[in-house]
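Have a look; sequence and predicted model below, questions after that.
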2 protein chains.
Amino acid sequence: MTQATTKTVRAGLNRDRVLRAAIELADREGLAALSMRRLGNELGVEAMSLYNHIANKDDMLDGMVQTIVEDLNARVGPGGGADAQSDWVTAMRTRILTARAVMLQHKWAPGLIESRSSFSPPLVAYYEGVLATLRAGGFSYDLAHHTLHALGSKAIGFNQELFNPVGAGDSQPDVDIEAMAEQFPHLAEMLADVVHEGPETTIGWCDDQTEFEFGLDVLLDGLERRRTGATRRK
Amino acid sequence: MTQATTKTVRAGLNRDRVLRAAIELADREGLAALSMRRLGNELGVEAMSLYNHIANKDDMLDGMVQTIVEDLNARVGPGGGADAQSDWVTAMRTRILTARAVMLQHKWAPGLIESRSSFSPPLVAYYEGVLATLRAGGFSYDLAHHTLHALGSKAIGFNQELFNPVGAGDSQPDVDIEAMAEQFPHLAEMLADVVHEGPETTIGWCDDQTEFEFGLDVLLDGLERRRTGATRRK
DNA sequence: ACCTGAACACCGTTCAAGT
DNA sequence: ACCTGAACACCGTTCAAGT
């Protein structure tokens, strides 16, 4: 065996390697730090070399999302199995919370998924699984369709929230609760009433696990009621 | 009256004028087209002049959101009035659909609101109104707090959806439904089953009015059931 | 087939200089 | 007090040239 040359250490650059490195860099330093020059540097190569493996930066960002969702699909499977037939709520809940776990590992992914309209095959495959689960649970296509819309980004494990309870340690602990009480009496009273001691496992703002699951369960309950016809709202 | 000089035509540049012009430019050509040089051009001034009225671009983006939400607050009022006391669901529904109408006029706003953590006074004031409405409707602070999380960005009128039904005219009408049926049988069947003829009044993707209201109503129904104790889920 | 270096057309922003 | 012009340190990307 001639074993090639030792310079293979630096070689082997291909699309997948580029995408994995980009994902790792974004995980580590955020999406803003992901420039072509910076990524090239990370891979020991000039920025322009990357263009041999990706079409352009947009293509790279799409590829990053695609890679992550492929990994997610491998974890959740095709959906619509026996578990969904006997209890679609639990099956859906498990699927969505798995997606959420993946998104928590790549906090830049939700923003990226939302900001680009590209609906790649892995993303379609994920939603096919959601739909298969709904159908196994007895949903009509019409109600399943509404459900996909109602779940929105929650179906794939994230929830962009806006309400960021002040004092949650995030660089603004000096909230003037006195002055706030005058202008925003209800918010001030709520903050005094509700103790927020949850861990910092958030996507974006104050979207912690408990709150995510609360919102998800309200939706799932409401959808189940509509499926069984318990809600006859015109 | 000396009436000053006629050069006042171009003068009068101030923070509000800059923000209004930025909003108008973003409405017209999208957020990507909003560069400092471009905006300066629009106002008949060098880009660097803008820095006399705003601290930097981030400050300007914050100001744009702030301006819009101030206008929204003027339209919806403080919340928690007699209407909320007699029927909080309808009061909330009206408030949220008004917010949605504003967001539809400034389609770049949702993305901007989500992407920055700045929680400006007008935004806090809007949520104070949401909370006041919930309290008037008989919510405990604890349930109201969960509700704010559960509503998420829906509370202020938008909903980032991911499911973008192909064939909705949006530059990808050439979907190979044959090939799709093999890989994604449920999605293909649903598309065949559900006719999507809604107007193009969407924020982002396929988030049209009907679907937005469906998801909102599922949530409001579920929340009302929790408020009255109809749902006793541990 | 893959990588490089220089260059282009853009950014946001600083700074010294004008009035 | 407000505006300007040149400059700086970045972008993504093109292109001709190397091996």
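In hand now; what should we look at? No experiment lies behind these values; they were computed from the predicted model shown.

Stretch A:105-124: which residues count as buried?
Of the residues in stretch A:105-124, those with enough neighbours to count as buried (16 or more other Cβ atoms under 10 Å in any protein chain shown) are A:106-114, A:118-120, A:122-124. Any C-beta I mention is one placed from the backbone N, CA and C, and that applies to glycine too.

Narrow those residues to those in strands?
With strands defined by DSSP state E, no entry of the buried residues of stretch A:105-124 lies inside them.

If we check chain B, which of those are in contact?
Near chain B, judged by Cβ under 8 Å from any Cβ of the partner chain, the entries from the buried residues of stretch A:105-124 are A:Gly111, A:Ile113, A:Glu114, A:Phe119, A:Leu123, A:Val124.

what residue ranges in chain A are flagged as low confidence?
Per-residue confidence of chain A (counting by pLDDT under 70) places the weak regions at A:1-11, A:118, A:162-177, A:195-207, A:231-234.

secondary structure element for the one residue sitting closest to the centre of chain A?
What sits nearest the mean C-alpha location of chain A, by Cα atoms, centre = their mean, is A:Met103, with 3.8 Å. Mapping A:Met103 onto the secondary structure by DSSP states H and E places it in helix A:88-105.

Does anything pack onto that helix? Which helices or strands?
Using 3 or more Cβ pairs under 8 Å, 6 or more residues apart in numbering or on different chains; DSSP states H and E as the contact criterion, the elements in contact with helix A:88-105 are helix A:57-76, helix A:82-86, helix A:109-115, helix A:121-136, helix A:209-228.

Just the buried positions in that helix, please.
When neighbours are counted by 16+ other Cβ under 10 Å, the buried residues of helix A:88-105 are found to be A:Trp88, A:Val89, A:Ala91, A:Met92, A:Arg95, A:Ile96, A:Ala99, A:Arg100, A:Val102, A:Met103, A:Leu104.

What is the nearest of those to DNA strand D?
A:Met103 (22.8 Å; Cβ to the nearest atom of the strand).

contacting residues for that closest one?
For A:Met103, the set of contacting residues under the criterion of Cβ atoms under 8 Å, 6 or more residues apart in numbering or on different chains consists of A:Ala109, A:Pro110, A:Ile156, A:Gly157, A:Phe158, A:Ile203.

Please apply the same query to A:Leu13.
Applying Cβ under 8 Å, 6+ apart to A:Leu13 gives the contacts A:Leu43, A:Val45, A:Ser49, A:Asn52, A:His53.

Over to it. Which of the three states is it?
State at A:Leu13, reduced to three classes by DSSP: H, G, I helix; E, B strand; the rest coil: coil.

For chain A, which residue gets nearest to DNA strand C?
For chain A, the residue closest to DNA strand C is A:Glu46, as judged by Cβ to the nearest atom of the strand, at 3.3 Å.

ok, now which ones touch that residue?
Residues touching A:Glu46, when contacts are defined by Cβ under 8 Å, 6+ apart, comprise A:Gly40.

Next up, phi/psi of it, please.
Main-chain dihedrals, A:Glu46, degrees, to the nearest 10: phi -70, psi 150.

Check A:Phe139 too.
For A:Phe139, the backbone dihedrals (degrees, to the nearest 10) come out as phi -80, psi 140.
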